[in-house]
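A.B. asks: Got a predicted structure here, sequence first:
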Amino acid sequence: MTRLVVSLSGLTADPRSLDRAAALAAALDLRGVPLSHLFRPRLRRDAPDPGVVAWLGARRGAGDAILLHGFDHTPDPIGAWQASPVRLGRRAEFALLPRHEAGLRVIAARRAAHAVGLDSDLFAPPRWLASSGTIAALRNNAFALCADDTAVRALQRGTTTGSPVLGFRASGERRADRRAAESWRCRLLVAEAGRVARRGGLVRIGLRAKDLRRPERVAAALTAVDAVLAAGARSITYAEGLHAGAA
């Protein structure tokens, strides 16, 4: 059976997008589609915006899901693992961490989330990149699920559902090419979502707060959602996926 999960990240770092997020949630509510919110519990300089935290809590009460989205999106503390020649950027917080370092961070993330009333045993790493050490640390700390770039993993069951995240990724095109590239990204999202839906798979659409600033991206995401629903998909959150066989 085709299933659909729509997620939103970046709101804790961009609280000015709260109104846009509420508009997106309202549009999805009309379609019977819940949101899975990727929540960063700790910012580098201060705590998450209270208005964002309150809104996320209310949305979870209405049926949305909360996933811990890393800890603070920085690679500290620096250890021997930083000698790796692979450089994935500051925001890929869990991409290279060994189990011990990852364990310290997931414990800290969960404590910080619990302090604001948004604790969760669901996890999505920054940039959707998780090392094998991170997966082991999550499992050892009783996390139920990890959603990464290519799969959704039910950690305590030991099962995995392969499904890439569909969305709008960064690119390096020249300024003159940006309009054409943007149109292409929007068309690609709709096409890829429809393709996965027709195959009867798990469709994962991942949006970021910065995407909500571009009306064409929001329109494309909603068009993709409509296409997947028209193919007979059932809308779920990542939390529901644990019980519905999605993972």
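C.D. replies: Structure received. Since we're looking at a predicted model, the values are computed, not measured.
A.B. asks: okay, CA-based contacts and neighbour counts for the rest of this
C.D. replies: Fine.
A.B. asks: how much space between M1 and G194?
C.D. replies: Distance from M1 to G194, counting by CA to CA, to the nearest Å: 14 Å.
A.B. asks: ditto for F143
C.D. replies: Counting by CA to CA, the gap from F143 to G194 is 31 Å.
A.B. asks: now swap in I107 and tell me
C.D. replies: According to CA to CA, I107 stands 38 Å off from G194.
A.B. asks: Give me the more crowded residue out of M1 and G194.
C.D. replies: Of the pair M1 and G194, G194 is the one with more neighbours under other CA atoms under 10 Å, namely 22 against 12.
A.B. asks: Helices of this protein, start to end?
C.D. replies: 18-30, 50-61, 99-115, 132-140, 178-198, 215-230, 238-244 (DSSP state H).
A.B. asks: Let's have the ones you listed in TSV, adding distance to R40.
C.D. replies: Listed next are the helices of the chain as TSV, based on distance: least, CA to CA, whole Å:
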stretch	distance to R40
helix 18-30	15
helix 50-61	10
helix 99-115	8
helix 132-140	16
helix 178-198	25
helix 215-230	22
helix 238-244	16
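A.B. asks: and the ones you listed, which one is worst for confidence?
C.D. replies: Least confident of these, judged by mean pLDDT, is helix 238-244 with a mean of 76.
A.B. asks: Can you give me the buried ones in stretch 205-217?
C.D. replies: 205-212, 217 (16 or more other CA atoms under 10 Å).
A.B. asks: and that stretch, how far apart are its ends?
C.D. replies: Using CA to CA, first and last residues of stretch 205-217 are 12 Å apart.
A.B. asks: ok, now stretch 188-208?
C.D. replies: Stretch 188-208: ends 17 Å apart by CA to CA.
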